[in-house]
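Chemist: Sequence first, predicted model second:
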Amino acid sequence: MLFSTMVEQKKLSISEIAAAVNASQVKSIEISGSNLSLTMKDESEATGRKEEGEALSTTFRNYGVAPERLSEVVISVKDESGARFLWEIVVPTLLPLLVMGLIFWFLFRQARQGAAQAFTFGRSNIRLFAGGEKDQTTFAEVAGLKEAKQELFEVVDFLKNPKKFLDMGAKIPRGVLLVGAPGTGKTLLARAVAGESGVPFFSISASEFVEMFVGVGAARTRDAFATAKKAAPAILFIDEIDAVGRQRGVGMGGGNDEREQTLNQILTEMDGFERDTQLIVLAATNRPDVLDAALLRPGRFDRRVVLDMPDMNDREEILAIHLKGKPIEEGLSLRKVAIRTPGFSGADLANLANEAAILAARIGKQKVSEVDLLESVEKVMLGPERKGRIISDKERKVTAYHEAGHALVAASLENSDPVHKVSIVSRGFAGGYTLKLPNEENRLRTRSQFLSDLTMIMGGYAAEETVFSDMSTGASNDLKKAAMLARDLVARYGMSEKIGPVAYLNDEMTFLGREISDKNYSEASAAKIDEEISVVIKRAYEMAKKIVISRRKALDAISQELLKKEVLEEGEFRNLYESFKFKKLAVA
Ligand code: ADP
Ligand code: MG
Ligand code: ZN
């Protein structure tokens with residue numbers, strides 16, 4: 001339509017057209033509805049309109065056009081075109097309606113989706129590990145943890161051959177709780193069970209039960225159990241169960257109702273399934289102390305599998321597992337690395353193996369060597385070396401005496417663990433460090449060991465004070481450690497004479513909500529404890545000071561050596577110390 005009006009055409013009135021026809025100027029006329037398009041004899045074109053509902057010939061006759069003139073003109077009639085009708089009438093009226101209709105449709109669709117979503121909230125996003133997958137974990141990938149594996153083997157056996165046990169009148173356990181410090185392999189072990197059991201293994205993290213909306217947790221719990229039960233015999237694994245399994249009614253700061261409902265639902269579900277339902281619930285936590293008692297009673301999680309920190313042999317095995325697939329130097333002794341990593345969890349060791357590989361790659365080596373591993377031990381423990389840090393001569397000297405103090409005191413005491421390395425290269429937050437290796441074969445630690453540790457910790461402070469008649473902030477971390485150790489000694493283990501064998505502190509109290517409500521000793525006892533703590537620390541300090549003063553020669557020698565070499569390894573230190581032929585001292 002736009003296009004046609006763009007071509008400028010003469011518009012003639014009906015009387016003008018009649019006159020033109022009479023003057024024999026018109027060649028042809030095309031009629032389309034009431035519109036006329038004229039072509040003149042001189043090939044020019046024009047348009048016009050005739051009267052509505054009247055034949056053109058009648059009109060011309062009324063305007064007095066001579067019939068013979070009219071017969072000279074070619075007159076043709078064209079149908080009113082459909083397209084034109086569409087564009088001019090249908091589209092302008094229907095298009096807005098159509099657009100509005102579309103908008104409504106979108107709105108409704110959106111709303112329907114929202115409503116549908118509200119109904120799937122209660123669905124748990126439980127994951128199924130089908131057996132026979134490619135990269136599944138096996139028991140062979142889990143080092144150590146012999147008892148835990150044995151226990152879980154049995155559980156898997158229950159599911160595989162229930163008849164054997166049922167014939168003996170034994171009941172299938174319902175729940176197995178894996179308990180262990182972070183990184184000891186709880187999740188790994190559960191994954192291994194998934195790989196080995198050959199039954200459907202469902203896994204969910206307890207934190208996924210809880211949402212912003214009240215009631216969702218319970219609904220998800222129901223759904224998770226229902227899904228797993230349908231697939232029975234099966235295993236349902238709930239990771240980090242302490243997220244919902246906390247003791248009811250002790251939390252602070254509100255927002256617990258939802259968690260409690262979820263826990264109640266778990267309790268109900270575990271009671272609910274019939275005795276012959278072959279569903280075993282596996283759960284993992286590193287805080288068994290905060291779990292609700294109802295969760296732990298027989299009939300629910302009646303088996304508790306404790307995952308210990310790995311001992312030396314386990315550590316060697318774990319390292320071997322994680323170094324598999326990495327090129328390692330021949331004759332590399334993993335034993336040596338294992339000896340140096342007491343207190344490392346499985347996760348720490350996995351990290352250590354990875355750090356060593358990164359280190360080797362960074363310095364362009366082809367294989368991971370023992371040196372890389374040992375270097376990484378300290379990196380994982382204390383943070384990266386900070387050789388680039390600029391230290392004044394005075395600061396270096398203070399650090400050297402401080403560390404020499406620790407080392408000398410440790411070496412002088414009867415019950416202390418052997419010094420294994422002394423260094424004044426700063427690492428992470430530490431200006432320097434003295435490593436000693438606890439003897440692991442004894443799990444129990446005695447009072448005299450604690451006191452030796454405390455004395456060794458005070459050694460740095462005492463050395464600084466003796467040599468420089470001044471103290472630096474470098475000892476502040478030592479003092480914090482000493483305070484903690486002394487507190488445990490007095491109030492947790494009952495190892496001081498004054499307070500006696502009373503455990504005022506226990507592990508459960510680290511949970512905020514309970515520490516405040518359950519402080520089970522009076523202000524008078526608290527004062528007595530504080531006093532005793534300072535007495536214990538003071539005594540350790542005096543012992544350290546006595547050693548440092550009476551063995552000043554050795555202190556000077558060690559710190560000189562440290563200033564020269566920066567690092568003293570076990571052998572070097574021992575030779576130096578033994579050249580003085582001191583006697584071992586006992587702590588009081
Ligand atoms: P958590 O007990 O906190 O669940 P994980 O099971 O997630 O710890 O362990 C973390 C990582 O540590 C594992 O992926 C694995 O690489 C390593 N690891 C822990 N324990 C062992 C072990 N006994 N044997 C081999 N690797 C282990
Ligand atoms: Mg875990
Ligand atoms: Zn120190």
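Modeler: Structure's in. What do you need? Ligands and ions are numbered 1, 2, ... in the order given.
Chemist: Could you use CA atoms for every contact and neighbour count after this?
Modeler: Will do.
Chemist: Tell me which residues of stretch 347-360 come out buried.
Modeler: Across stretch 347-360, burial judged by 16 or more other Cα atoms under 10 Å covers Asp348, Leu349, Ala350, Asn351, Leu352, Ala353, Asn354, Glu355, Ala356, Ala357, Leu359, Ala360.
Chemist: who's in contact with the fourth one?
Modeler: With contact set as Cα atoms under 8 Å, 6 or more residues apart in numbering, Asn351 has these partners: Val380.
Chemist: Wait, a helix at it?
Modeler: Yes - assigned with DSSP: H, G, I helix; E, B strand; the rest coil, Asn351 falls within a helix.
Chemist: Report the contact partners of Val77.
Modeler: Neighbouring residues of Val77 by Cα under 8 Å, 6+ apart: Glu30, Ile31, Ser32.
Chemist: Filter those down to the buried ones, PyMOL style.
Modeler: For the buried members of the contacts of Val77, the matching PyMOL selection, counting by 16+ other Cα under 10 Å, is:
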select buried, resi 30+31
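Chemist: will you turn the contacts of Val77 into a markdown table that also has distance to ligand 1, secondary structure and pLDDT?
Modeler: Formatted as a markdown table, the entries for these read as follows, by distance: Cα to the nearest ligand atom, whole Å; DSSP: H, G, I helix; E, B strand; the rest coil; pLDDT from 0 to 100:
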| residue | distance to ligand 1 | secondary structure | pLDDT |
| --- | --- | --- | --- |
| Glu30 | 89 | strand | 83 |
| Ile31 | 88 | strand | 83 |
| Ser32 | 85 | strand | 78 |
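Chemist: Return the member of the contacts of Val77 nearest to Asp311.
Modeler: Nearest to Asp311 among the contacts of Val77: Ser32, at 102.2 Å, using Cα to Cα.
Chemist: gap between the closest one and Val26?
Modeler: Ser32 is 17 Å from Val26, where distance means Cα to Cα, to the nearest Å.
Chemist: near ligand 1, anything from stretch 329-342?
Modeler: No - using Cα under 6 Å from any ligand atom, stretch 329-342 stays clear of ligand 1, coming no nearer than 13.4 Å.
Chemist: Kindly report the same for stretch 371-380.
Modeler: No - between stretch 371-380 and ligand 1, judged by Cα under 6 Å from any ligand atom, nothing touches; the nearest distance is 13.9 Å.
Chemist: Mind picking the two most distant members of the buried residues of stretch 347-360?
Modeler: Spanning the widest gap among the buried residues of stretch 347-360 are Asp348 and Ala360, at 18.2 Å by Cα to Cα.
Chemist: so where's the stretch 101-250 of the chain shaky on pLDDT?
Modeler: 114-125, 129-135, 211-214, 248-250 (pLDDT under 70).
Chemist: follow-up on the earlier one: can you list the contacts of Val77 in a markdown table and add distance to Lys545?
Modeler: A markdown table is the format used below for the contacts of Val77 (distance: Cα to Cα, whole Å):
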| residue | distance to Lys545 |
| --- | --- |
| Glu30 | 124 |
| Ile31 | 123 |
| Ser32 | 120 |
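Chemist: contacting residues for Lys10?
Modeler: Neighbouring residues of Lys10 by Cα under 8 Å, 6+ apart: Glu45, Ala46, Thr47.
Chemist: Switch the residues you listed over to CSV; also include secondary structure and pLDDT.
Modeler: Below are those laid out as CSV (DSSP: H, G, I helix; E, B strand; the rest coil; pLDDT from 0 to 100):
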residue, secondary structure, pLDDT
Glu45, strand, 83
Ala46, strand, 84
Thr47, strand, 84
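Chemist: for those, which one is nearest ligand 1?
Modeler: Looking at the contacts of Lys10 and their distance to ligand 1, the nearest is Thr47, at 87.8 Å (Cα to the nearest ligand atom).
Chemist: correct me, but that closest one touches Ile14?
Modeler: No - applying Cα atoms under 8 Å, one finds Thr47 not in contact with Ile14, separated by 9.9 Å.
Chemist: I'd say Lys367 and Gly325 touch.
Modeler: No - with contacts counted by Cα under 8 Å, Lys367 stays clear of Gly325, the gap being 11.3 Å.
Chemist: The two: who's more crowded?
Modeler: Lys367 (16 against 8; other Cα atoms under 10 Å).
Chemist: ok, the more buried one to ligand 1 distance?
Modeler: From Lys367 across to ligand 1, the span is 21 Å (Cα to the nearest ligand atom, to the nearest Å).
Chemist: pLDDT at that residue, what is it?
Modeler: The confidence metric pLDDT takes the value 89 at Lys367.
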